[in-house]
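> sharing a sequence plus its predicted fold:
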Amino acid sequence: MDTTMKKLPPKPVTAKSRAIKWGGWIISIAIIIWSCTGIDFGGIKPTAGQITGAIFNGLFHPDWSYVYNGSGEDLVSQLWQTLCIAFLGTFISAIISVPFAFWAANTRHKKFWVSESGKIVLTFIRSFPEIVLALMFIKAVGPGAPAGALALGLHSVGMLAMLFSEAIESLDDGPAEAITAVGGSKFNVAVFATLPDLMPAIVSNTLYRFDVSVRSASVLGLVGAGGIGYPLIIALNYRQWSRVGIILLGIIVMVVVIDWISGAIRKKLV
Amino acid sequence: MSATDRDMLKLPKKKFKMWNWVWVILMILGLVLSVNNTQTSLPEFFANFDQFAEIFVQMAQPDWSYAGTAIPYLVETIKMAIISTVIGSLLAFVYSLLIARNIVHNRVITGVLRFIMNIIRTIPDLLLGSIFVAIVGIGPVAGILALTVFTFGVVVKLFYEAIETIDPGPSEAIKAVGGNGMNNIMFAVMPQILPYFISYALYAFEINVRASTILGYIGAGGIGLQLKNTLDMFNYNQTGMIILVVFLVVLVIDFVSTKAREALMR
């Protein structure tokens, strides 16, 4: 038997690719070790285990009386307000996003720097902390739900306009050219070619953003911008664990239901 | 031109789609309801626009001397993000193998574990932060724990889907030439999923850097605490400086990590 057949061919590894591989590993491990230094791992409360137990106990014995009591401060009305904040915020941002998307989209008839500048502006909006934005709006319209809705509306533009502009970039030129060829005006092109092509992407991305906004809206209350976050932080501070439990359950159920509905709609659209 | 010719020139009538109108009406209803519930009034906002703009103008003139104070906190924030990305994605690695249906064939186990994962994924990062602050107290540990759970949620979802789409060919080939289970994982499964894993971990790291900068606001360590302090003292110039350095760091990390992910996927 020919023994040479049993040998595997050597792996296609050059000195350079090996150096890159090992270099990458060494650098990443060095970074990880560096990051463990200088962080104060002490200072954990001695009662940590006890509180964890209390929270889980609260999750399994929630305060059912808080679900609905008609006062407008109960779980259902707070969750409803959270949903309303998310809806309004998404609605506002969807409208603002359209012009931004056309600005940032890198299409053929545009100068390079125009779309680049639009992209940088969107990145800036994206990384501007939502909470700071909420606080700025609280200064302008006072604490409460409006500040949350407006902050969400402005913050979501960063992400939503980017998604829209990607949809615009992937548009097919065909329909627009066809309409120009049969003598359609620019308005005709926009109404009969661009908009119908763009609509599914706009709706689907907006729905996706609504999912994210529901999560954000449930957090904005932590700084006083309305929604379920405020009662949660109060309950945490006053150690009402059964109330913390019911609020967490409420948020989880709300997010799951919204994800499920919007997922079903998006599946139908595509 | 005969009548039939004229008929042919006409465009076909658009089908009347009732559902489109139902959606439009639902949207308007939702808008009215939510404006009503939140009591939002745009006129009020525009009336107070100068207040809003004033903060913005102050932020646009960052206090450069404050950078020296801000940067050590920023470094702490990045360290928090790194530690939690590493722990969270390692946990996610093991967990994803357990819920991938082409690795674990027991539907009951994968179903229950997936249910737990989906619940963990629904909780927003800041909520996790405030719960962990209540549990372990104020400090970076709360932030690290919150981000670890958050990373876990992000990576598990992406990674188990990647595992389920791997090509069964290499595994079968290794079994066919007499390889055992260990050989199978080492030479067939790992080479296929490792690039995905590193890519998703980097992606989670990008999100974590953003998230960790505000976690401090609720007392979970990092630069967020300074953000809160400067905002509470109305030092908007310093807030502007913090936002600027955070923006630059996020930009650099996003760039590096995107390039690294592109290189991995090639």
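Okay, I see it. All values reported here derive from a predicted model rather than from experimental measurement. Residues are numbered from 1 along each chain as shown, chains lettered A, B, ... in the order given.

> can you give me the helices for chain B?
B:3-9, B:18-38, B:42-47, B:49-59, B:67-99, B:107-122, B:125-136, B:140-164, B:169-176, B:181-183, B:190-215, B:224-232, B:236-265 (DSSP state H).

> between these, which gets nearest to A:W80?
With distances scored as CB to CB, the stretch of the helices of chain B nearest to A:W80 is helix B:18-38 (6.8 Å). From N, CA and C alone the C-beta is placed, and that goes for glycine too.

> re earlier: redo the helices of chain B as JSON lines? Include mean pLDDT and distance to chain A.
Output for these, formatted as JSON lines (pLDDT from 0 to 100; distance: least, CB to the nearest CB, whole Å):
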{"stretch": "helix B:3-9", "mean pLDDT": "70", "distance to chain A": "12"}
{"stretch": "helix B:18-38", "mean pLDDT": "84", "distance to chain A": "4"}
{"stretch": "helix B:42-47", "mean pLDDT": "80", "distance to chain A": "5"}
{"stretch": "helix B:49-59", "mean pLDDT": "82", "distance to chain A": "4"}
{"stretch": "helix B:67-99", "mean pLDDT": "89", "distance to chain A": "4"}
{"stretch": "helix B:107-122", "mean pLDDT": "88", "distance to chain A": "4"}
{"stretch": "helix B:125-136", "mean pLDDT": "87", "distance to chain A": "4"}
{"stretch": "helix B:140-164", "mean pLDDT": "90", "distance to chain A": "5"}
{"stretch": "helix B:169-176", "mean pLDDT": "86", "distance to chain A": "13"}
{"stretch": "helix B:181-183", "mean pLDDT": "77", "distance to chain A": "13"}
{"stretch": "helix B:190-215", "mean pLDDT": "87", "distance to chain A": "5"}
{"stretch": "helix B:224-232", "mean pLDDT": "84", "distance to chain A": "6"}
{"stretch": "helix B:236-265", "mean pLDDT": "85", "distance to chain A": "5"}
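
> let's have these in TSV, adding mean neighbour count.
Output for those, formatted as TSV (neighbours: other CB atoms under 10 Å in any protein chain shown):
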stretch	mean neighbour count
helix B:3-9	8
helix B:18-38	13
helix B:42-47	12
helix B:49-59	15
helix B:67-99	20
helix B:107-122	14
helix B:125-136	25
helix B:140-164	24
helix B:169-176	14
helix B:181-183	10
helix B:190-215	21
helix B:224-232	21
helix B:236-265	17
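
> A:I252: which of these is closest?
Relative to A:I252, the nearest member of the helices of chain B by CB to CB is helix B:107-122, separated by 5.0 Å.

> leaving aside the residues next to it on the chain, what's closest to B:I198?
B:L264 (5.8 Å; CB to CB, 6 or more residues apart in numbering or on different chains).

> which residues of chain A score low on pLDDT?
Along chain A, segments meeting pLDDT under 70 span A:1-8, A:42-43, A:72, A:108-109, A:270.

> tell me the centre residue of it?
Nearest residue to the geometric centre of chain A (CA atoms, centre = their mean): A:V212, 4.1 Å.

> distance of it relative to B:T151?
17 Å (CB to CB, to the nearest Å).

> on that earlier part again, okay, and the residue nearest to the centre of chain A sits in which element?
Taking DSSP states H and E as the criterion, the element that holds A:V212 is helix A:195-220.

> next SSE downstream of that helix?
Beyond helix A:195-220 in the direction of the C-terminus, DSSP H and E gives the next helix or strand as helix A:229-237.

> report the angle between that following helix and helix A:195-220.
Taking axes from the mean of the first three to the mean of the last three CA atoms, to 10 degrees, one finds that helix A:229-237 is oriented at 30 degrees with respect to helix A:195-220.

> before we move on, back to that, let me know whether the helix holding A:V212 sits next to chain B.
Yes - between helix A:195-220 and chain B, judged by CB under 8 Å from any CB of the partner chain, the touching residues are A:215-216, A:218-219.

> a markdown table for the residues you listed, including distance to B:K175 and neighbour count?
Converted to a markdown table, the residues of helix A:195-220 next to chain B look like this (distance: CB to CB, whole Å; neighbours: other CB atoms under 10 Å in any protein chain shown):
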| residue | distance to B:K175 | neighbour count |
| --- | --- | --- |
| A:R215 | 44 | 22 |
| A:S216 | 48 | 27 |
| A:S218 | 48 | 29 |
| A:V219 | 49 | 29 |
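
> show me which of these is closest to B:M27.
Minimum distance to B:M27 across these is 20.3 Å, recorded for A:S216 (CB to CB).

> and the helices of chain B: which comes nearest A:A94?
Between A:A94 and these, the shortest gap by CB to CB is with helix B:18-38, which sits at 10.1 Å.

> ok, now how distant is A:L198 from B:M27?
Where B:M27 is concerned, A:L198 sits at a distance of 17 Å (CB to CB).

> sorry, that was for B:L126
29 Å.

> ok, now B:V209?
Spatial separation of B:V209 from B:M27 under the definition CB to CB is 36 Å.

> burial count for B:Q39?
For B:Q39, the neighbour count with other CB atoms under 10 Å in any protein chain shown is 15.

> so what's it closest to, chain neighbours aside?
Sequence neighbours aside, A:P146 is the residue nearest to B:Q39 in space, at 6.1 Å (criterion: CB to CB, 6+ apart).

> from memory that neighbour sits against B:F45, does it?
Yes - under the criterion of CB atoms under 8 Å, A:P146 makes contact with B:F45 at 7.5 Å.

> where do the contact lists of those two overlap?
With contacts taken as CB atoms under 8 Å, 6 or more residues apart in numbering or on different chains, the residues that reach both A:P146 and B:F45 are A:F137.

> pretty sure B:Y160 contacts B:N102?
No - here B:Y160 does not reach B:N102: they are 10.0 Å apart, not a contact under CB under 8 Å.

> mind listing the helices for chain A?
In chain A, the segments counted as helices under DSSP H are A:15-36, A:48-60, A:75-104, A:112-127, A:130-141, A:145-169, A:174-181, A:186-189, A:195-220, A:229-237, A:241-269.

> quick check, the second one touching chain B?
Translated: helix A:48-60. Yes - judged by CB under 8 Å from any CB, helix A:48-60 and chain B are in contact via A:48, A:51-52, A:55.

> show me the contacts for A:I31.
By CB under 8 Å, 6+ apart, the contact list for A:I31 reads B:I82.

> ok so, going back, only whichever of the residues of helix A:48-60 next to chain B are buried, select them in PyMOL.
Selecting just the buried residues from these in PyMOL takes one command, with 16 or more other CB atoms under 10 Å in any protein chain shown as the test:
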select buried, chain A and resi 48+51+55
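
> tabulate the residues of helix A:48-60 next to chain B (JSON lines), appending distance to A:V121.
Converted to JSON lines, these look like this (distance: CB to CB, whole Å):
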{"residue": "A:A48", "distance to A:V121": "44"}
{"residue": "A:I51", "distance to A:V121": "44"}
{"residue": "A:T52", "distance to A:V121": "43"}
{"residue": "A:I55", "distance to A:V121": "42"}
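
> and the two most separated of the residues of helix A:48-60 next to chain B?
With CB to CB as the measure, no two of the residues of helix A:48-60 next to chain B lie farther apart than A:A48 and A:I55, at 10.8 Å.

> which neighbours do the two share?
B:I135.

> quick one: the closest residue to A:S213 other than its chain neighbours and A:M254, what's the gap?
Using CB to CB, 6+ apart and skipping the chain neighbours, the partner closest in space to A:S213 is A:A86 (4.0 Å). When distances are taken as CB to CB, A:A86 and A:M254 turn out to be 10 Å apart.

> what does the stretch 51-200 of chain A have sitting close to chain B?
Residues of the stretch 51-200 of chain A lying near chain B (CB under 8 Å from any CB): A:51-52, A:55, A:80-81, A:83-85, A:87-88, A:91, A:123-124, A:127-132, A:135-137, A:139-141, A:144-146, A:148-150.

> if any of the residues you listed are buried, put those into a ChimeraX selection.
Here is the ChimeraX selection string for the buried members of these, based on 16+ other CB under 10 Å:
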select /A:51,55,80,81,83,84,85,87,88,91,123,127,128,129,130,131,132,135,136,137,139,140,141,144,145,146,148,149,150
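
> surely the residue nearest to A:S213 touches A:S216?
Yes - A contact is recorded between A:A86 and A:S216 when judged using CB under 8 Å, the distance being 7.3 Å.
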